[in-house]
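**Student:** one predicted model, sequence on top.
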Amino acid sequence: MKKYTHAWLAFMAIKRLERAEIPANYKKHSLSLIDWFMDNRDFVMQGAWYPDAIIKDMATSHVHKYSSGTSKVMPKRRKLPGEYNIYNIGKETLKDITEYHVVKGNLPDRCDALVHSIVDNLKMQESEQKGSPISPTDNHVATLFFMLSHYIADAHMPLHCDERRFSDGDNIHAHIEKLWDEEIKDCYEIDSDNERFRYDKYGYPLKIADNDLCNWLEQEVVIRKFTTGWGSGNGNTWDFMSAITQYSFLTSYKMIPKEYDETNLTWDDFKNLNTGYNLIDYNKYILIDAIDSIAKIWLRTWTKYRRWLVKSAKV
Ligand SMILES: [Zn+2]
């Protein structure tokens with residue numbers, strides 16, 4: 001995914017926590033996270049882009065690629081909460097792709113590690129005296145949150161989870177990500193000197209135009225059911241992200257059936273494939289799932305820290 005897409009998804013995740021119906025036992029944690037985010041949002045663009053611009057671990061941590069081959073041991077087949085579109089779409093593919101295995105990438109590990117790192121840094125910040133040289137700043141912790149949102153979002157891009165090489169040939173992968181970035185840039189006012197969104201009076205990217213994708217997503221952020229669970233059988237961020245990558249892979253095979261690879265499919269033909277959903281639907285379903293996952297993981301990470309605060313009687 002590209003720069004503005006990553007930053008915008010992070011903003012939408014916070015908007016979702018503010019505007020959607022949050023379960024009562026998470027509500028106060030959600031409110032304190034929104035408050036904290038609004039004080040530290042200015043570097044969202046840099047933070048959410050750090051993994052691509054500076055860290056550049058694309059070949060390993062931005063992907064978790066599966067092959068549909070049957071020669072290796074199958075990973076545990078996981079589930080996702082019922083509201084996930086890629087879960088419902090991916091399950092349709094299981095008729096054709098019954099076995100699969102991981103061939104490349106450690107994206108779930110990367111997300112899990114960042115979650116631990118964020119909680120550790122927040123605890124250190126709380127435990128150190130003001131001015132301590134080892135106390136992490138809020139901006140530092142916010143940057144870790146934005147980096148985390150990058151890796152979470154990448155897992156939802158089906159082609160990040162599919163061994164077929166769609167960055168070669170006509171580069172369908174880049175075409176899709178460019179389309180998402182352009183749709184977002186069309187709808188929001190951008191401060192191009194400083195490479196960031198201008199804000200509306202509520203502190204979110206200022207929407208100045210309409211298109212079907214952004215209008216639908218802005219609406220869905222508010223009305224889609226919000227659950228804090230990882231999905232049956234999943235116990236933590238790693239399990240959840242592993243499930244996301246499995247269904248992202250299966251969604252890829254729905255979007256691009258198994259008879260195709262980079263040698264026999266052009267961007268124009270891809271756009272007209274008859275797979276039961278059109279490209280506009282895929283764009284909506286994938287991006288709202290990504291927003292939901294960022295909101296869910298951020299909230300659970302923040303809640304872990306807040307519960308520690310209460311337990312250690314610091315609030
Ligand atoms: Zn990436």
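**Tutor:** Noted; the coordinates are in hand. Numbers count the residues shown, from 1 in each chain.
**Student:** and Ile22, what is it in contact with?
**Tutor:** Applying Cβ atoms under 8 Å, 6 or more residues apart in numbering, we find Ile22 in contact with 30, 226, 299. Heads up, the C-betas are built off the backbone N, CA and C, glycines and all.
**Student:** same thing but 10 Å
**Tutor:** 16, 28-31, 226-228, 295, 299 (Cβ atoms under 10 Å, 6 or more residues apart in numbering).
**Student:** these in helices, which ones?
**Tutor:** 16, 28-31, 295, 299 (DSSP state H).
**Student:** could you find the residue in the stretch 51-200 of the chain that comes nearest to the ion?
**Tutor:** His62 (3.8 Å; Cβ to the ion).
**Student:** identify the residue nearest that residue in space, chain neighbours excluded?
**Tutor:** Nearest residue to His62, sequence neighbours excluded (Cβ to Cβ, 6 or more residues apart in numbering): Asp154, at 4.6 Å.
**Student:** Lys91 now?
**Tutor:** According to Cβ to Cβ, 6+ apart, the nearest residue to Lys91 is Leu250 (7.3 Å).
**Student:** need the residues of the stretch 1-150 of the chain near the ion, please.
**Tutor:** Counting by Cβ under 5 Å from the ion, the stretch 1-150 of the chain comes close to the ion at 52, 62.
**Student:** picking up where we left off before, and the gap between the residue of the stretch 51-200 of the chain closest to the ion and His6?
**Tutor:** Computed as Cβ to Cβ, to the nearest Å, the His62 to His6 distance reads 11 Å.
**Student:** any shared contact partners between these two?
**Tutor:** Common neighbours of His62 and His6, using Cβ under 10 Å, 6+ apart, are 51-52, 150, 153-154.
**Student:** generate a ChimeraX selection restricted to the buried subset of those residues.
**Tutor:** Of the shared contacts of His62 and His6, the buried ones can be selected in ChimeraX as follows, counting by 16 or more other Cβ atoms under 10 Å:
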select :51,52,150,153,154
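**Student:** all strands of the stretch 51-200 of the chain, in order?
**Tutor:** Remark: strands assigned in the stretch 51-200 of the chain by DSSP state E, counting those that start in this stretch are 65-67, 101-104, 190-191, 196-197.
**Student:** would JSON lines of the ones in helices among the contacts of Ile22 with distance to Asp109 be doable?
**Tutor:** Below are the ones in helices among the contacts of Ile22 laid out as JSON lines (distance: Cβ to Cβ, whole Å):
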{"residue": "Arg16", "distance to Asp109": "26"}
{"residue": "Lys28", "distance to Asp109": "31"}
{"residue": "His29", "distance to Asp109": "25"}
{"residue": "Ser30", "distance to Asp109": "27"}
{"residue": "Leu31", "distance to Asp109": "31"}
{"residue": "Ala295", "distance to Asp109": "21"}
{"residue": "Leu299", "distance to Asp109": "21"}
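**Student:** give the contact list for the closest residue in space to Thr227 that isn't next to it in sequence.
**Tutor:** Nearest non-adjacent residue to Thr227, counting by Cβ to Cβ, 6+ apart: Pro81, 5.0 Å away. By Cβ under 10 Å, 6+ apart, Pro81 lies in contact with 87, 225-232, 234, 240, 243, 292-293, 296.
**Student:** and of those residues, the nearest to the ion?
**Tutor:** Using Cβ to the ion, Ser293 is the member of the contacts of Pro81 that lies nearest the ion, at 14.7 Å.
**Student:** close to the ion, is the helix or strand hosting the closest one?
**Tutor:** For Ser293, the enclosing helix or strand under DSSP states H and E is helix 279-311. No - on the criterion Cβ under 5 Å from the ion, helix 279-311 is out of touch with the ion, staying 12.0 Å away.
**Student:** so which bits of that helix are buried?
**Tutor:** Buried residues in helix 279-311, defined by neighbour count with 16+ other Cβ under 10 Å: 282-306.
**Student:** equivalent analysis for stretch 68-82, please.
**Tutor:** The neighbour-count check on stretch 68-82 (16+ other Cβ under 10 Å) flags 68, 78-81 as buried.
**Student:** do stretch 246-258 as well
**Tutor:** Neighbour counts over stretch 246-258 (16+ other Cβ under 10 Å) mark 246-256 as buried.
**Student:** pull it out as PDB, backbone CA atoms only.
**Tutor:** What follows is stretch 246-258, C-alpha atoms only, in PDB (Å, rounded to 0.1, in the frame of the first residue of the first chain):
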ATOM      1  CA  GLN A 246      -4.800 -16.900   5.600                       C
ATOM      2  CA  TYR A 247      -8.100 -15.300   4.500                       C
ATOM      3  CA  SER A 248      -6.200 -12.600   2.600                       C
ATOM      4  CA  PHE A 249      -4.500 -15.400   0.600                       C
ATOM      5  CA  LEU A 250      -7.900 -17.100   0.100                       C
ATOM      6  CA  THR A 251      -9.400 -13.800  -1.000                       C
ATOM      7  CA  SER A 252      -6.600 -13.400  -3.500                       C
ATOM      8  CA  TYR A 253      -7.600 -16.700  -5.100                       C
ATOM      9  CA  LYS A 254     -11.200 -15.500  -5.300                       C
ATOM     10  CA  MET A 255     -10.100 -12.200  -6.900                       C
ATOM     11  CA  ILE A 256      -7.800 -13.900  -9.300                       C
ATOM     12  CA  PRO A 257      -8.800 -17.600  -9.900                       C
ATOM     13  CA  LYS A 258      -6.100 -20.300  -9.900                       C
END
